[in-house]
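**Q** 3D, please:
(one chain, ligands or ions: 2)
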Amino acid sequence: MTSHLKKVELHCHLEGAAPPALTAAQARKYGVDISAELRDGAYVWHDFASFLVCYDKISEVYRTEEDYALLTETYLDELAGINTIYSELIVSPDHGKRIGLGADAYMSGICEGIRRAREKSGIEARLIVTGERHFGPESVIGAAEYAVKAGNPLITGFNLAGEERMGRVADYARAFDIARDAGLGLTIHAGEVCGAFSVTDALDAVRPSRIGHGVRAVEDIDLVKRLADLGTVLEVCPGSNIALGVFPDFASHPLRRLKEAGVRVTISSDDPPFFHTSLEREYELAAGAFGFSDAEINGMTQTAIEAAFVDEETRKALLARI
Ligand SMILES: Nc1ncnc2[nH]cnc12
Ligand SMILES: [Zn+2]
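**A** Ligands and ions are numbered 1, 2, ... in the order given. Predicted structure coming up:
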């Protein structure tokens, strides 16, 4: 049982956390047919590419500032209900633009959701703006420029998500330069769908303090040592990795091997209902499938707070709570 443990999440895509029941209600409200993407209470996809398509389609039923406030509040309430004290949400202002809501309204809805949830439970949250690799380097630069110009104190990080097989990390380096120069924390999806080379590319071109997934670094022992030496923090999402077939089962998942090699690891849920998981389940898996003790799990939570994109005062307050 891990219900007594305080929890922290560094890697969850906001739209990827949309509860199927809420999505169904939204689709009804707007008269959108999502029967191909949502069936019997479950999102429908069969591989990474179709997951990304399903994700974009589902996102389309969240359309207004209030829709985003509700989605954010709903997810943070769920996290608070399982003893979560801090959450970083990956958000896409570009998506707000694409659906005609606008980036500012998209962000202000999300911030309102954070405010409502914090008022009820005290949960802290910050936002990581992401570019989507499959929309190309220019769009990712636009996302970085938005993150910097928005001057929103809750935006504390920048990420690159989407189709990892498209282009090379160096094509997106300029966007990370913009974010780094403005003092945003940097993290990047790498070593999830692509192999170790993708993590090497990320370290060389971006110099991030964290990597989203990074688990396929395990294919290159020198790279594992490099990650350990650098102190790069991996945002590991085991349930997501198994659902997407990155590893066949938890027994072959490298979370424990990476940790034992000295890599700083943390646990997150990624896109929980898409992958039939939740942060609660990820903590349970850490204890059950991976056999970590409470002390080891708390150690990963502490690592997450140490690596969080927050000011030092907030970090100190969070560390004092675990
Ligand atoms: N697991 C994932 N990998 C890459 N991009 C994503 N966007 C949403 N979830 C993602
Ligand atoms: Zn992700």
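**Q** what residues does the stretch 201-322 of the chain have near ligand 1?
**A** Ser240, Asp270, Asp271 (Cβ under 6 Å from any ligand atom). From N, CA and C alone the C-beta is placed, and that goes for glycine too.
**Q** I figured the second one hits His11, correct?
**A** Just to be clear, that refers to Asp270. Yes - the pair Asp270 / His11 is scored as a contact, 6.0 Å apart, by Cβ atoms under 8 Å.
**Q** quick check: neighbours shared by the two?
**A** Cys237 (Cβ atoms under 8 Å, 6 or more residues apart in numbering).
**Q** right, and Phe135 touches Lys97 too?
**A** No - Phe135 lies out of contact with Lys97 (Cβ under 8 Å); the separation is 10.9 Å.
**Q** now do the contacts for Arg39.
**A** Arg39 neighbours (Cβ under 8 Å, 6+ apart): none.
**Q** which residues does it bridge with?
**A** Beta-bridge partners for Arg39, by DSSP bridges, are Ala42.
**Q** and it, what pLDDT?
**A** On pLDDT, Arg39 comes in at 98.
**Q** how close does it sit to His276?
**A** 14 Å (Cβ to Cβ, to the nearest Å).
**Q** Leu186 now?
**A** Going from Leu186 to His276 by Cβ to Cβ gives 30 Å.
**Q** and the two? Which one has more around it.
**A** Comparing Leu186 with His276 by other Cβ atoms under 10 Å, the one with more neighbours is Leu186, at 21 against 13.
**Q** near ligand 1 at all, the helix or strand where the more buried one lies?
**A** Assigned by DSSP states H and E, Leu186 belongs to strand 185-190. Yes - counting by Cβ under 6 Å from any ligand atom, ligand 1 has neighbours in strand 185-190: His189.
**Q** any idea how far Leu101 lies from Leu71?
**A** 12 Å.
**Q** got it, and Ile221?
**A** With Cβ to Cβ as the criterion, Ile221 and Leu71 are 41 Å apart.
**Q** OK, now which residue of the stretch 1-150 of the chain is nearest to ligand 1?
**A** His13 (4.3 Å; Cβ to the nearest ligand atom).
**Q** same deal with the chain?
**A** Ala161 (3.6 Å).
**Q** and that residue, what does it touch?
**A** His13, Ile90, Thr130, Gly131, Glu132, Arg133, His189, Gly212.
**Q** repeat for Arg165
**A** So, once contact is read as Cβ under 8 Å, 6+ apart, Arg165 ends up touching Val193, Cys194.
**Q** and it, which of the three is it?
**A** coil (DSSP: H, G, I helix; E, B strand; the rest coil).
**Q** now for Arg180, how many residues are close by?
**A** Neighbours of Arg180 (other Cβ under 10 Å): 17.
**Q** just the element for it, please.
**A** Going by DSSP H and E, Arg180 is part of helix 173-181.
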